[in-house]
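In: Need coordinates for the below:
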Amino acid sequence: MAYDFSNAGRVESEGSGAGRFLTFEAVEARLVDAVRLCWRMPGGHWPFASDGPWHLIQKDWWDWDARDEKPIPRDPLSRLEMEERDEAVAWLRLIPDDRDRRLVVLAVTQLAKGGDRARVSWVKLLRPIGKTHGADGLRMRYGRVLGALTVRINAVRG
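Out: The predicted structure is shown next:
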């Protein structure tokens, strides 16, 4: 008799709602979505130099050129998106070590930048983490930290 110890079948059978167990991939995807939602928030800083009367400069309709960059439209976040973002960011507090939390944030930020075919370049994370070698070690550490985080999240949601 073969037993299926994977969490995938359990998630399928549990349905949706507060009692649903989250998988490693679901937690990672929610953290990546939270990063993307944070990017959609207004920056809160003045984008121009503060040494001139830049607020007086205006572009009239005849000044526009086809080569001008058009700003990316930013839709405001809905209440549901803000709740999902805040919940995912709060999950990071469940990681007890600051270095592990930093590793998770750097990795999911790389995943958020990558789009659909996103992969983490562990070699590029060595310097921000303060290491010179050991990319495979970072990858394995990330897996352990995110796995433990998934267990903690499911215990809290329980």
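
In: need the contact list for Ala88.
Out: Residues in contact with Ala88, defined by CB atoms under 8 Å, 6 or more residues apart in numbering, are Arg30, Leu31, Asp33, Ala34. Quick note: C-beta positions are derived from backbone N, CA and C, even for glycine.

In: Widest-spaced pair of the residues you listed?
Out: Leu31 and Asp33 (7.3 Å; CB to CB).

In: Looking at these two, which is more packed in?
Out: The neighbour comparison of Leu31 against Asp33 (other CB atoms under 10 Å) goes to Leu31, with 22 against 16.

In: Setting the sequence-adjacent residues aside, check what's closest to Leu31.
Out: Leaving aside its chain neighbours, Leu31 sits nearest to Val108 (4.4 Å; criterion: CB to CB, 6 or more residues apart in numbering).

In: Quick check: pLDDT value at that neighbour.
Out: Predicted confidence (pLDDT) at Val108: the value is 94.

In: and it, what helix or strand is that in?
Out: helix 98-114 (DSSP states H and E).

In: buried stuff in that helix?
Out: For helix 98-114, burial by neighbour count (16 or more other CB atoms under 10 Å) applies to 100-112.
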